[in-house]
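Colleague: take this sequence and fold it.
(one chain, ligands or ions: 2)
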Amino acid sequence: MINALTHSVNGAVRVIGLNEEIKTKICLVGDNNVGKTSLIRRFVLDTFDDKYTSTIGTKVTKKEVTVKKDNGREINLSMLIWDIMGQKGFRELLRESYFYGAEGAICVCDLTNRESLEELKYWIKSMESITGHIPMIFIGNKSDLRDRITVTNQDIEKVATSYGAPSMITSAKTGEGVESAFMRLASMLTSRK
Ligand SMILES: Nc1nc2c(ncn2[C@@H]2O[C@H](COP(=O)(O)OP(=O)(O)OP(=O)(O)O)[C@@H](O)[C@H]2O)c(=O)[nH]1
Ligand SMILES: [Mg+2]
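Modeller: Ligands and ions are numbered 1, 2, ... in the order given. From the prediction side, this is the model:
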């Protein structure tokens, strides 16, 4: 890697050279138990655990991805994926440090829990008070729990569209849609690069 130039924009470090590498911070938001940690674990480690261990505070995981642009160019993106405990009481407490410098967000609801979709607007409000409007995608997780699903694709799409964002259905358990969801956001984050 030849680093021709390094500069920082909004806390994100851009290294521009023959191989471009861009570092970007993304945040997952959503209530407790919706599957934020499980989605990150599936994307980064390709594993799943049925046991529920609530996240304490926040946690950062790094994943390097390559985004192929339509013009054939490849961009290496180093994603700093931030995870937060979904307990509402902590949202305001952790807000500034968690959201500061975030360039993209994955808004997660649980397909078996309607309230978790309604709550996303409060998460987004809290986030945007720090970040302003940033690219985001909506995820309806736990698609494998077929007979317990109470939230439809259309319900999620409606909320997502009101923010001008795409929506996707995932299962951290089976892996359905997980890689495409993270890569979709990665692609959105490099759209002007
Ligand atoms: N069946 C099924 N269970 C899931 C899925 N994703 C997560 N779970 C389960 O749901 C529970 C909560 O998952 P977590 O990933 O810990 O949820 P979280 O959003 O990180 O929760 P907090 O850290 O408390 O905010 C765990 O028991 C997971 O095994 C999924 O896609 N399908
Ligand atoms: Mg968690």
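
Colleague: residues in the protein within reach of ligand 2, list them.
Modeller: Lys36, Thr37, Thr55 (C-beta under 5 Å from the ion). The C-beta positions use only the backbone N, C-alpha and C, and glycine is treated the same way.

Colleague: what mean pLDDT does stretch 153-163 have?
Modeller: For stretch 153-163, the mean pLDDT works out to 98.

Colleague: centre of the chain to that stretch, how far?
Modeller: Centroid displacement of stretch 153-163 relative to its chain, using C-alpha atoms, centre = their mean, to the nearest Å, is 16 Å.

Colleague: also stretch 121-139?
Modeller: Taking the mean of its C-alpha atoms, stretch 121-139 sits 11 Å from the chain's own mean (C-alpha atoms, centre = their mean).

Colleague: ok, back up a step: most neighbours out of the residues of the chain next to ligand 2, which is it?
Modeller: Lys36 (28 neighbours; other C-beta atoms under 10 Å).

Colleague: low pLDDT regions in the protein?
Modeller: Within the chain, the segments meeting pLDDT under 70 span 1-20, 192-193.

Colleague: spit out the contact partners of the most centrally placed residue in the chain.
Modeller: The chain has Ile106 as the residue nearest its centroid, 2.8 Å off, counting by C-alpha atoms, centre = their mean. Residues in contact with Ile106, defined by C-beta atoms under 8 Å, 6 or more residues apart in numbering, are Ile26, Cys27, Leu28, Val29, Leu39, Met136, Ile137, Ile139, Ala181, Phe182, Leu185.

Colleague: between the residues you listed, which has the most around it?
Modeller: Counting neighbours by other C-beta under 10 Å, Ile139 comes out on top of those with 32 neighbours.

Colleague: so is it in a helix, a strand, or just coil?
Modeller: strand (DSSP: H, G, I helix; E, B strand; the rest coil).

Colleague: my guess is it meets Pro166, correct?
Modeller: No. Assessed by C-beta atoms under 8 Å, Ile139 is found out of contact with Pro166, at 9.9 Å.

Colleague: list the contacts of the host helix or strand of Lys121.
Modeller: In the assignment (DSSP states H and E), Lys121 maps to helix 120-131. By C-beta under 8 Å, 6+ apart, the residues outside helix 120-131 that reach it are 27, 29-30, 88, 91-92, 95-96, 99-103, 105, 107, 109, 134, 136, 138, 159, 163.

Colleague: is ligand 1 contacted by that helix?
Modeller: No. Under the criterion of C-beta under 6 Å from any ligand atom, helix 120-131 makes no contact with ligand 1; the nearest approach is 11.0 Å.
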